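K.L.:
my questions concern the predicted model and sequence given below.
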Amino acid sequence: MCRLPLERQLAFNHETHRFISWLAVTGRMQPGAEYLVARRPRLGIVLARTEPELHVRFMETARTLGFRDTVAMTQFNLLGHFVALFGNQPHELQQRDWDEGRRLLLDAARRIPNRGVKALSTALFNLEATLFHCELTDQLPRRRTPDRADMRARKWARVPAWRRRCSTICSRWPGRRGRAP
């Protein structure tokens, strides 16, 4: 299936997509990130049926963290995407899988129009928090998008070194109220 163009993969009928979902969650097929982002299969439902204890533990943890059930189910669905991408069960996934899967899904969302990169990024961050508290990963969730301080630092790095030194010296001059970045 992964060798077919994305348009052909998406053209399958509903029953075939349900079967593909089952194959993906049980590790018998590994669909690409483009298919997962474009089709948005509800792999969490299949994963909940194949791993009921994990589903209960995950949902309880997400509720404890303050996530509504719909948000928690979205996270569990994304967990199903990771299981499908790598062909491993959730407890077998390593930190490098989480990082690589995040990159693959976000890259696919950037290439496919109208797929909400920001919403996906937020859902992935929330998933990381729940995974950490479920003890499926030992890494704390971390922010990956640049903030204003990061932007200022990037701009400052483009300033020639001699000008940065001059600006820093001038900002320390007595009576000067300005500041160097």
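P.N.:
Thanks, I have the structure now. Numbering: from 1, shown residues only.

K.L.:
what about the helices in this structure?
P.N.:
Counting by DSSP state H, one finds helices in the chain at the ranges 6-10, 14-25, 33-39, 43-50, 52-64, 69-86, 95-111, 117-133, 148-158, 161-171.

K.L.:
okay, these in a markdown table with distance to Arg142 next?
P.N.:
C-betas here are computed from N, CA, C, even on glycine. Shown next, in a markdown table, are these (distance: least, Cβ to Cβ, whole Å):
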| stretch | distance to Arg142 |
| --- | --- |
| helix 6-10 | 31 |
| helix 14-25 | 27 |
| helix 33-39 | 21 |
| helix 43-50 | 24 |
| helix 52-64 | 19 |
| helix 69-86 | 17 |
| helix 95-111 | 10 |
| helix 117-133 | 8 |
| helix 148-158 | 13 |
| helix 161-171 | 29 |
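
K.L.:
count of residues packed around the closest residue in space to Leu36 that isn't next to it in sequence?
P.N.:
Of all residues not flanking Leu36 in the chain, His81 sits nearest, at 5.0 Å (Cβ to Cβ, 6 or more residues apart in numbering). Using other Cβ atoms under 10 Å, His81 has 26 other residues around it.
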